[in-house]
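**Q** Need coordinates for the following:
(chains A and B)
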2 protein chains.
Amino acid sequence: MTGWVQIAGLGPGDDALITPEVTAALAEATDVIGYIPYVARIAPHDGLTLHATDNRVELDRSRHALELAAAGRRVVVVSSGDPGVFAMAAAVFEAVEAGPETWRNLDIRVLPGITAMLAAAARVGAPLGHDFCAINLSDNLKPWALIEKRLRLAVEADFAMAFYNPRSKSRPEGFARTLDILNDACGDARPVIFARAVSTPDEVIRTVPLPEARPEMADMRTMVIVGSSQTRVIERDGAPIVYTPRSVPE
Amino acid sequence: MTGWVQIAGLGPGDDALITPEVTAALAEATDVIGYIPYVARIAPHDGLTLHATDNRVELDRSRHALELAAAGRRVVVVSSGDPGVFAMAAAVFEAVEAGPETWRNLDIRVLPGITAMLAAAARVGAPLGHDFCAINLSDNLKPWALIEKRLRLAVEADFAMAFYNPRSKSRPEGFARTLDILNDACGDARPVIFARAVSTPDEVIRTVPLPEARPEMADMRTMVIVGSSQTRVIERDGAPIVYTPRSVPE
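**A** Numbering: from 1, shown residues only, chains lettered A, B, ... in the order given. As a prediction, this is how the structure comes out:
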């Protein structure tokens, strides 16, 4: 048996957002590896071993997947969202680069998925319909000063902004500082979208003007999207539509 | 019959990348509206009317969709990739905002899809595994000076960069200027990925160091991804792996 690793995106939560490509990979797998809540989404079947591990052990999990594939197993590493966006794909390639030479020539593929910012954007309209950036607000893996620098430059570039991991348990004050920086740099009332647990039964979406955004509106399961200076809000019955027009006038 | 509009992403080309949510919407539709090559991907069936229109008529197409829904039809507007990323969703909401008040309360939903940058990134590894931005390089709808400003700020922020529409027919010199700006601002040999027609039979992927990137490596069907200063290339048999590590050292 020739082993392989496929790093697959399960999307934000609803199984209707899992691509047929990922479903096919899971059907062929001998092993599924991932963070506990993501592995819990996989239906067990004969011949499939589920390996659920805790958070913050991404490199151990990656090495495990590569070792199994080198031994001939067919391994799916599951991520939520898209595996290439603040998820498992980069971790697996870090392990490949640091690992034995033979791992480089393993059959490793990344299977894209619906990443949280696109699912969240779809729920409110099209806030990412023009140029935008995606920033991981967790400072576990980078200096906080770099996050601040990126926030200020992103505002100067007038990007819409999608924030992953806005409030980490270990440093909850980071998101309060983010809002202070944005209020200072933007100086307007552009819409901020708090999208919690999108496409799951726990989904809650709220849009507020930037000056009214509060740190406690986000938790570990929330995706935050901040409009550009051009982003529009269309009021109507029920939740407003938020979108960023395609064009910027001369 | 209560009409609706669902703006659906067909992904980059391979039907295995279309979500079940989108497939279900198409099965319920009475009308499918979109750009000719995207409508051509939809299987005809009894009771379904296909409305294929040329490029650059996004607002006409949007109004048509809204009129049909207001008349009780079930309309799917198809986009390639994700409808919220440089695609039809923003156009539909522009039409809603400019249109009659009644359109605001139509049942309009956006169904996310696999956008080109995520499909392209998956093919080479994980170049968007850390903070990144997405820029539409077409200057049809915004001043070229704004594109230049965003490019320089994105380099200063050390984002990886995904470029949609790198070479428009009407202004092919824009991408040559983009490469000049990047070489000037980056001053290094970070990897540049040219991903053409990802997930279709015409797919071609090429990775070159920035100083070797040439304008003619991109055409209308190419997605371009430029690494950050931290992006790594793992050489191996066959195409290299390109990924951006999750962490940035202090």
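
**Q** what does the model give the closest residue to A:Arg221 other than its chain neighbours for pLDDT?
**A** Setting aside the residues directly before and after it, A:Arg221 is nearest to A:Ala197 in space (Cβ to Cβ, 6 or more residues apart in numbering or on different chains), at 4.9 Å. C-beta here means a position set from N, CA and C on the backbone, and glycine is covered the same way. If you check A:Ala197, the pLDDT there is 97.

**Q** Kindly report the same for A:Gly47.
**A** Looking at A:Gly47, the pLDDT reads 93.

**Q** swap in A:Gln6?
**A** Looking at A:Gln6, the pLDDT reads 98.

**Q** With A:Asp54 instead?
**A** Confidence score, pLDDT, at A:Asp54: 88.

**Q** From A:Val78, how far off is the nearest residue to it once chain neighbours are set aside?
**A** Excluding its sequence neighbours, the residue lying closest to A:Asp54 (Cβ to Cβ, 6+ apart) is A:Ile36, at 6.5 Å. With distances taken as Cβ to Cβ, to the nearest Å, A:Ile36 is found 11 Å from A:Val78.

**Q** of those two, who's got more company?
**A** Between A:Ile36 and A:Val78, counting by other Cβ atoms under 10 Å in any protein chain shown, A:Val78 is the more crowded of the two (30 against 10).

**Q** can you map out the strands along chain A?
**A** Counting by DSSP state E, the segments of chain A that form strands are A:4-9, A:31-35, A:49-53, A:74-79, A:107-111, A:125-126, A:132-136, A:160-164, A:191-196, A:204-209, A:222-226, A:232-234, A:241-243.

**Q** most tightly surrounded among those?
**A** Mean neighbour count (mean count of other Cβ atoms under 10 Å in any protein chain shown) peaks for strand A:125-126 among the strands of chain A, with a mean of 30.

**Q** What average pLDDT does that strand get?
**A** Rounded mean pLDDT across strand A:125-126 is 98.

**Q** Got the domain ranges for chain A?
**A** Domain assignment for chain A, taken from automatic domain parsing, gives A:4-114, A:117-243.

**Q** quick one: stretch A:126-138 near chain B?
**A** Yes - judged by Cβ under 8 Å from any Cβ of the partner chain, stretch A:126-138 comes into contact with chain B at A:126-136.

**Q** how far does that stretch stretch from start to finish?
**A** 25 Å (Cα to Cα, to the nearest Å).

**Q** hmm, back to that, reformat the strands of chain A as JSON lines; add distance to B:Pro209.
**A** Compiled in JSON lines, those are given as follows (distance: least, Cβ to Cβ, whole Å):
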{"stretch": "strand A:4-9", "distance to B:Pro209": "26"}
{"stretch": "strand A:31-35", "distance to B:Pro209": "34"}
{"stretch": "strand A:49-53", "distance to B:Pro209": "37"}
{"stretch": "strand A:74-79", "distance to B:Pro209": "29"}
{"stretch": "strand A:107-111", "distance to B:Pro209": "22"}
{"stretch": "strand A:125-126", "distance to B:Pro209": "35"}
{"stretch": "strand A:132-136", "distance to B:Pro209": "24"}
{"stretch": "strand A:160-164", "distance to B:Pro209": "29"}
{"stretch": "strand A:191-196", "distance to B:Pro209": "38"}
{"stretch": "strand A:204-209", "distance to B:Pro209": "43"}
{"stretch": "strand A:222-226", "distance to B:Pro209": "34"}
{"stretch": "strand A:232-234", "distance to B:Pro209": "41"}
{"stretch": "strand A:241-243", "distance to B:Pro209": "38"}
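
**Q** Which one, of those strands, ends up nearest to B:Ala185?
**A** Closest of these to B:Ala185 is strand A:132-136, at 16.3 Å (criterion: Cβ to Cβ).

**Q** where exactly do the helices run in chain A?
**A** A:20-28, A:36-39, A:58-70, A:88-98, A:116-124, A:144-156, A:173-186 (DSSP state H).

**Q** quick one: which of the ones you listed is nearest B:Asp180?
**A** Closest approach to B:Asp180 among these (Cβ to Cβ): helix A:144-156, 20.8 Å.

**Q** What residues sit buried inside the closest one?
**A** For helix A:144-156, burial by neighbour count (16 or more other Cβ atoms under 10 Å in any protein chain shown) applies to A:146-147, A:150-155.

**Q** That one close to chain B?
**A** Yes - using Cβ under 8 Å from any Cβ, helix A:144-156 reaches chain B at A:146, A:149-150, A:153-154, A:156.

**Q** Low-confidence stretches in chain A?
**A** Chain A contains residues with pLDDT under 70 at A:1.

**Q** Can you name the residues that contact the closest residue to A:Ala91 other than its chain neighbours?
**A** What sits nearest to A:Ala91 in space, not counting adjacent residues and going by Cβ to Cβ, 6+ apart, is A:Glu58, at 3.8 Å. By Cβ atoms under 8 Å, 6 or more residues apart in numbering or on different chains, the contact list for A:Glu58 reads A:88, A:91, B:246.

**Q** And A:Ala195, by the same measure?
**A** A:116, A:119-120, A:123-124, A:203-205, A:222-225.

**Q** I'd like to know how far A:Glu97 sits from chain B.
**A** Per Cβ to the nearest Cβ, to the nearest Å, A:Glu97 is found 5 Å from chain B.

**Q** Distance-wise, check the residue nearest to that residue when sequence neighbours are not counted relative to A:Glu94.
**A** Nearest non-adjacent residue to A:Glu97, counting by Cβ to Cβ, 6+ apart: B:Ile234, 5.2 Å away. According to Cβ to Cβ, B:Ile234 and A:Glu94 sit 10 Å apart.

**Q** For these two, list the residues in contact with both.
**A** Common neighbours of B:Ile234 and A:Glu94, using Cβ under 8 Å, 6+ apart, are B:Tyr243.

**Q** How much space separates A:Val110 from chain B?
**A** Taking Cβ to the nearest Cβ, one finds A:Val110 at 4 Å from chain B.

**Q** What residues does that residue make contact with?
**A** A:Val110 neighbours (Cβ under 8 Å, 6+ apart): A:6-7, A:83-84, A:89, B:121-123, B:125-126.

**Q** a markdown table for the residues you listed, including distance to A:Ala176?
**A** Shown next, in a markdown table, are these (distance: Cβ to Cβ, whole Å):
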| residue | distance to A:Ala176 |
| --- | --- |
| A:Gln6 | 39 |
| A:Ile7 | 34 |
| A:Pro83 | 30 |
| A:Gly84 | 29 |
| A:Ala89 | 31 |
| B:Ala121 | 32 |
| B:Ala122 | 35 |
| B:Arg123 | 39 |
| B:Gly125 | 35 |
| B:Ala126 | 30 |
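
**Q** Between the residues you listed, which sits nearest B:Ile241?
**A** Ranked by distance to B:Ile241 (Cβ to Cβ), the contacts of A:Val110 are led by B:Gly125 at 4.1 Å.

**Q** I figured that closest one was touching B:Ile241, is that so?
**A** Yes - shown here, B:Gly125 and B:Ile241 form a contact pair, counting by Cβ atoms under 8 Å, at 4.1 Å.

**Q** Next, show the common contact partners of those two.
**A** Common neighbours of B:Gly125 and B:Ile241 (Cβ under 8 Å, 6+ apart) are A:93, B:234.
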